[in-house]
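K.L.:
return atomic coordinates for the entry below.
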Amino acid sequence: MGKDSKSKDAGAKGKGKGKQAGGGSEENVSKGKGKSGKASDGLGTCTYVKARHILCEKQGKINEAYQKLQDGWLSNGDKVPPAEFAKVASEYSECPSGKKGGDLGWFPRGKMAGPFQDVAFATPIGATSAPFKSTHGYHIILSEGRKN
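P.N.:
Below is the predicted model of the structure:
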């Protein structure tokens with residue numbers, strides 16, 4: 001599995017913020033390792049992530065999508081169910097994956113570039129990221145799983 005520095009589909013280059021929503025904090029992206037060599041929080045060492053995302057060209061549109069998630073779940077501290085995230089992605093996402101509920105499937109570290117990869121690998125399983133910017137537009141990510 002060599003690293004592919006070119007982004008595909010939802011990969012992104014550029015600067016952006018990767019803060020988590022729904023009670024997450026930047027402390028959640030700690031990469032401290034225990035005796036097993038794995039990060040104590042499981043975020044820093046995984047090789048693959050399974051994720052859904054919403055991509056919008058305009059910040060106003062991604063904010064609308066995020067507000068819909070916020071009103072339904074995040075403001076109550078709940079996690080957004082994947083099926084509900086998929087409905088919002090189908091409605092708002094401008095990425096071809098939007099037709100599949102934003103499903104990106106499993107992807108390895110190195111496939112997605114820049115802030116997209118950073119946020120995807122830093123968002124805890126079941127959590128939804130806050131909107132962030134890449135060169136492709138504005139994204140929201142729902143982390144569905146991780147594995148080595």
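K.L.:
use CA for all of it now, contacts and neighbours both
P.N.:
Fine.
K.L.:
for residue 109, see how far away residue 58 is.
P.N.:
Distance of residue 58 to residue 109, given as C-alpha to C-alpha, to the nearest Å: 27 Å.
K.L.:
neighbour count winner among the two?
P.N.:
Each of residue 58 and residue 109 has its neighbours counted (other C-alpha atoms under 10 Å); residue 109 has more, 19 against 12.
K.L.:
strands along this structure, start to end?
P.N.:
48-56, 103-108, 132-134, 137-147 (DSSP state E).
K.L.:
can you redo those as TSV with distance to residue 125 and mean neighbour count?
P.N.:
Output for those, formatted as TSV (distance: least, C-alpha to C-alpha, whole Å; neighbours: other C-alpha atoms under 10 Å):
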stretch	distance to residue 125	mean neighbour count
strand 48-56	9	24
strand 103-108	13	17
strand 132-134	18	22
strand 137-147	5	22
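K.L.:
which among these is found nearest to residue 126?
P.N.:
Residue 126 lies closest to strand 137-147 among the strands of the chain, at 5.5 Å (C-alpha to C-alpha).
K.L.:
poorly predicted segments of this structure, please.
P.N.:
1-45 (pLDDT under 70).
K.L.:
can you check which helix is longest in it?
P.N.:
Counting residues, the longest helix in the chain under DSSP state H turns out to be helix 59-72.
K.L.:
including distance to residue 126, could the strands of the chain go into CSV?
P.N.:
Formatted as CSV, the strands of the chain follow (distance: least, C-alpha to C-alpha, whole Å):
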stretch, distance to residue 126
strand 48-56, 9
strand 103-108, 14
strand 132-134, 18
strand 137-147, 5
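K.L.:
OK, contacts around the closest residue to residue 51 other than its chain neighbours?
P.N.:
When the adjacent residues along the chain are set aside, residue 51 lies closest to residue 143, with 4.6 Å between them (C-alpha to C-alpha, 6 or more residues apart in numbering). Residue 143 sits next to 49-52, 120, 123-128 when contact means C-alpha atoms under 8 Å, 6 or more residues apart in numbering.
K.L.:
many thanks, have a good one.
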